[in-house]
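**Q** Got a predicted structure here, sequence first:
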Amino acid sequence: MTSTTLHPSLAAKTVLVTGGSRGIGADTARAFAAQGAKVGVVGRDTAALADVVAGITESGGTALALTADVTDAAAVASARDAVEFQLGPVDVLCAFAGGQGYPVRSTELTEQRWREVLDADLTSAFLSIQAVLPGMVERGSGSIITMSSTAGRQPGQANLAYAVANAGIVMLTRHLATELGPQGIRINCLAPTSILTEKVRANMPPAVQDQVAAIHPLRRLGLPADVTEAALFLASDAASYLTGLTLDISGGRVTN
């Protein structure tokens with residue numbers, strides 16, 4: 001869905017989106033491209049990335065597909081180098097990789113799975129930020145948006161490792177906002193609830209969708225556009241005095 005709000009300050013910016021092969025990340029890449037930004041789209045599924053980038057370029061946008069495992073520092077650095085060589089220095093990072101939240105009883109959560117989930121959701125954000133920070137610090141500007149979840153804001157059905165990782169992303173955001181603010185770099189966090197992505201549509205029966213919607217005060221599931229509109233705003237000059245914020249995109253389910 002194309003944003004109905006124009007953010008002129010995003011035109012010609014270079015945006016790096018991790019977790020961009022599908023779901024919220026892919027929609028975010030499309031949304032920034034529609035604003036005139038040049039977008040590097042990072043993910044592990046080469047075919048899915050190609051589809052996202054093809055859709056953007058067919059619509060007149062500029063995008064680059066980058067296949068990388070964002071739990072690997074060298075792979076992240078290589079993706080950054082490719083973006084900066086072909087599209088220019090990274091102005092905006094959307095660290096959206098992750099999503100390992102399916103329920104597992106804590107008594108059944110293995111050490112291996114714990115480490116895998118923390119790497120996929122928390123370490124990936126840290127490594128992505130570390131990759132772009134030197135350039136942002138040198139230029140004295142930049143906007144970073146991290147992706148947490150309602151699971152990191154209050155106890156729920158997600159597994160413990162996912163909840164802890166996403167709570168960690170909130171603190172990572174707050175800590176870095178304080179540290180990096182004097183250097184002209186803003187960092188904010190999005191914490192969505194259940195979002196009706198293509199994966200959710202395919203795996204959650206309509207009756208269950210209705211049940212989940214009923215626990216939200218707005219009585220609906222979120223849409224990808226609810227998240228991408230917030231990302232565009234936080235990256236734009238309209239949010240130039242906002243940093244360290246966690247925005248709960250939760251239909252009223254989380255209010256603080």
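**A** Nice, I can see it.
**Q** Okay, buried residues for the lowest-mean-pLDDT helix or strand in the chain please.
**A** Least confident element among the helices and strands of the chain, by mean pLDDT, DSSP states H and E: helix 198-203 (a mean of 79). Buried residues in helix 198-203, counted by 16 or more other CB atoms under 10 Å: V200. Every residue, glycine included, has its C-beta placed from N, CA and C.
**Q** Does that helix pack against any helices or strands, and if so which?
**A** The helices and strands touching helix 198-203, judged by 3 or more CB pairs under 8 Å, 6 or more residues apart in numbering; DSSP states H and E, number zero.
**Q** Please list the outside residues in contact with it.
**A** Here helix 198-203 makes contact (CB atoms under 8 Å, 6 or more residues apart in numbering) with R22, G23, S194, Q209, L221.
**Q** Output the helix or strand harbouring L93 as CSV, nothing but the C-alphas.
**A** Assessed by DSSP states H and E, L93 sits inside strand 92-95. The C-alpha trace of strand 92-95 is given here as CSV (Å, rounded to 0.1, in the frame of the first residue of the first chain):
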residue,chain,number,x,y,z
VAL,A,92,18.3,5.9,7.4
LEU,A,93,18.5,2.4,8.8
CYS,A,94,15.4,0.3,9.5
ALA,A,95,16.7,-2.7,11.5
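**Q** Can you name every helix or strand that the following helix or strand past that strand contacts?
**A** Heading C-terminal from strand 92-95, the first helix or strand you meet, by DSSP H and E, is helix 111-118. Here helix 111-118 touches helix 160-180, going by 3+ CB pairs under 8 Å, 6+ apart.
**Q** distance from the centroid: which residue in this structure tops it?
**A** T107 (29.5 Å; CA atoms, centre = their mean).
**Q** quick revisit: counting by contacts, list what the strand holding L93 packs against.
**A** strand 14-18, helix 23-34, helix 124-139, strand 142-147, helix 224-235.
**Q** For L242, list the residues it contacts.
**A** R186, N188, L234.
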